[in-house]
Every structure is written in structure tokens, then in C-alpha cells.
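Q: only the shape, not the letters, is given here:
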């Protein structure tokens, strides 16, 4: 039996610059972190010998890898020559809510299969690169690279995307007091809406040829660089204004990123103590993130009483194997 745990991510600045149509021309950068909400995957030898019993949001039972309907499971199982297994997944958060669940699933699945087959050791960056290859190159998902590197590596990071495709992950080491203040001043609220990130990102990709929209992504990258500098200087409160400016830029990329409903919640939060915020992920729904000083937390909670708050703490581990029984694997 093998069990992996992979964290979900939240992006603070630079989102959109991790899409190839942008970074291949200009280079990109994001600041993001992971939190203690996870994707759990497990696998053990199947009673059915060479067959596959797969349990995620649906159940599949087949004897051939090519007949597996879940595209990520099919492609990763094919790469690792997996057969005769019982596979299960569970998640702390629903899919389509802007926390990078799909890439967390892929990173955890690669970690799971690599451990199960006792293949050579993979670094966190290698897991992220392989996840990008599966999602972007093989399955042609119109997504970027930040989610894979964030979930695989874990922690608070400044991630750069070079025009040649190379990715550099720089861990941001803050003083303990500053890191805890940052963690404590961030609040998440679920809008109750889910969406397809691929649809919104496809539209965003097309719009990057527009001069004004390219300038907005340039500004978002500069915000990521500024945020890195401010955080390393322990100026934690810079987060509020940077989140706000980034959200204003991002909303101009496509009409589907926000909505009247989301805008009304955002404006209400700004009137009740939030210094800045954004909708996490590609847009359209999911979680609203706000930077709010502790003395204003209850005021904001009252204002956002229609939405469900998600308490969280930061994660630093990234994707990891949390249980490994070799006897069960080898039998």
C-alpha cells in the first residue's frame, strides 16, 4: 500500500505569466504558497490481478490501461507500466475551485507511481516537470506551469519561467514572526461557484496578443518581483495592496474572470477591513482570498456571512509519500 499527500496552492502575484504563449516571449514569474488542504492518493495490488479498480469521483473497472477514462490516470499509468492495482483518491477541497487541484492530483499520482514501482528517486522539481509534460504536452491542457511546481515543491516560493522553458523555484525564507503574520492575515472564502479553468485560460491565451492585455501581464510579473522583495524585507503588509492591484489587472484579461456577484463580494470585503484580495485560480468562481489584519477578521466574517470561510495553515512539504508498505506492494 502506498499513500501520497499533495497540497493545494494559492497564488499571490504573477498569475498568467506561466502560460507558454507569454513566458516564451517575455519570461514569467509568480509568488505562491501551499496550504494544509490536500489531495490524497493511494494504491495497492488489486484482487483482480492484472485489472484496474479506480475510485475517484466515479468508479472504473477495466483490464486495459488504454480503456481507462480518466486521462491523467491513463497517461501516468501507461508511463510507469502500472497494472493490477486498486487506486483511490480523496480530496479536502472540491475540484474547480481555483486551488490547483488537477495539478495536485497529477503530482501526487507521479509520486505514487514512482514509489509504487520503486523507480529511481525524483526531486520535487522533476515531479513538477513530469506533471507539466503529462498535462500540457501529452493531454494538451491550455494551462500554465505554476500549479505543478507549487504543489510538488510546497512552501512559499518565487517561481520563474524562462523563455527556454526552464523553471526556477526560489524558496522565500521569512523571519518566523513575519511568516506567521502573513499566514494569520490571509482569509479564504468559498464563493460556491466552480468553473473550468481550461475554458478561461484558453480565452486568456488568445487575448495575450492584445497589446493592452500583454501590458497587464507585464505589470503582474512586476508585482511578483515587488512582492518577493517586500516579503524578504519583512514588509508583510505590502501584500494587501499588491493583491488588489494584481486583481485589477487580471480582471481586464478576459470578461469571464470575474462577475457582478464576485465583484460585489470583493467590494464588500474592501469596505470591511480587507486591504486587498483576489479570486484564486483562473477565475470565474472558487475561493476569494483577502489580506486582512487580525483586528478586522470578525468584521469581515460578519460581512461575508453568506460565504463559507476556509481556515488554513501554510504547508512546506509539497508532494510526499506518507505511507509505504513494501510487503503489500510486492505481493
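A: On my side now, so go ahead. Computed from a predicted structure; not experimentally measured.
Q: now residue 150: closest residue in space, sequence neighbours ignored.
A: residue 9 (3.7 Å; Cβ to Cβ, 6 or more residues apart in numbering). In short, each C-beta sits where N, CA and C put it, glycine included.
Q: tell me the SS of residue 34?
A: strand (DSSP: H, G, I helix; E, B strand; the rest coil).
Q: what's the neighbour count on it?
A: A count of nearby residues for residue 34, using other Cβ atoms under 10 Å, gives 29.
Q: mind checking pLDDT for the residue nearest to residue 150?
A: Predicted confidence (pLDDT) for residue 9: 97.
Q: name the strands paired with the helix or strand it falls within and say parallel or antiparallel.
A: Assigned by DSSP states H and E, residue 9 belongs to strand 2-13. Here strand 2-13 has these sheet partners by DSSP bridges: strand 28-45 (antiparallel), strand 320-324 (antiparallel).
Q: give the next helix or strand downstream of it.
A: helix 20-26.
Q: what sits up against that following helix?
A: Helix 20-26 is contacted by residues 16-17, 28, 136, 144, 161-163, 165, 205, 208, 214, 217-218, 221 when judged by Cβ atoms under 8 Å, 6 or more residues apart in numbering.
Q: take these and keep only those in helices.
A: 205, 214, 217-218, 221 (DSSP state H).
Q: pretty sure residue 304 contacts residue 265?
A: Yes: using Cβ atoms under 8 Å, residue 304 is in contact with residue 265, at 7.0 Å.
Q: what do those two both touch?
A: residue 189.
Q: quickly name whichever of the contacts of helix 20-26 is closest to residue 93.
A: residue 144 (19.7 Å; Cβ to Cβ).
Q: got the contact list for that closest one?
A: Residues near residue 144 by Cβ under 8 Å, 6+ apart: 15-20, 161, 201.
Q: out of those residues, who's the most crowded?
A: Going by other Cβ under 10 Å, residue 15 tops those with 31 neighbours.
Q: quick check: bridge partners of the residue nearest to it when sequence neighbours are not counted?
A: Nearest residue to residue 15, sequence neighbours excluded (Cβ to Cβ, 6+ apart): residue 30, at 6.1 Å. Beta-bridge partners for residue 30, by DSSP bridges, are residue 159.
Q: just give the number of residues close to residue 306.
A: So residue 306, with other Cβ under 10 Å, has 10 neighbours.
Q: on the three-state scheme, it is what?
A: Once three-state DSSP is applied, residue 306 turns out coil.
Q: state the distance from it to residue 312.
A: Distance, residue 306 to residue 312, by Cβ to Cβ, to the nearest Å: 20 Å.
Q: equivalent analysis for residue 227, please.
A: In terms of Cβ to Cβ, residue 227 sits 19 Å off from residue 312.
Q: of the two, who's got more company?
A: residue 227 (25 against 19).
Q: ok so, going back, can you lay out the strands paired with strand 2-13 as JSON lines showing mean pLDDT and distance to residue 55?
A: Shown next, in JSON lines, are the strands paired with strand 2-13 (pLDDT from 0 to 100; distance: least, Cβ to Cβ, whole Å):
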{"stretch": "strand 28-45", "mean pLDDT": "98", "distance to residue 55": "10"}
{"stretch": "strand 320-324", "mean pLDDT": "96", "distance to residue 55": "17"}
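Q: right, so of those, which gets closest to residue 247?
A: strand 28-45 (14.2 Å).
Q: remind me what the helix or strand that the closest one is followed by packs against, helices and strands.
A: Going down the chain from strand 28-45, the next helix or strand is strand 52-55, by DSSP H and E. The contact analysis (3 or more Cβ pairs under 8 Å, 6 or more residues apart in numbering; DSSP states H and E) places strand 52-55 against strand 59-62, strand 85-91.
Q: which of these is buried the deepest?
A: strand 85-91 (a mean of 18; mean count of other Cβ atoms under 10 Å).
Q: pLDDT on it, on average?
A: 97.
Q: indicate which one of the helices and strands packed on strand 52-55 is closest to residue 74.
A: From the helices and strands packed on strand 52-55, taking Cβ to Cβ, the stretch that ends up closest is strand 59-62, at 9.8 Å.
Q: adjacent strands (with direction) for the closest one?
A: strand 52-55 (antiparallel).
Q: pLDDT on the partner strand, on average?
A: Mean pLDDT, strand 52-55: 96.
Q: ok, and for it, which residues are buried?
A: Using 16 or more other Cβ atoms under 10 Å as the test for burial, strand 52-55 gives 52-54.
Q: kindly report the same for stretch 39-54.
A: The neighbour-count check on stretch 39-54 (16+ other Cβ under 10 Å) flags 39-46, 51-54 as buried.
Q: need these in CSV with distance to residue 127, can you?
A: What follows is the buried residues of stretch 39-54, written out as CSV (distance: Cβ to Cβ, whole Å):
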residue, distance to residue 127
39, 13
40, 16
41, 13
42, 17
43, 16
44, 21
45, 23
46, 25
51, 27
52, 22
53, 25
54, 21
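Q: looking at those residues, which two lie furthest apart in space?
A: 39 and 51 (24.1 Å).
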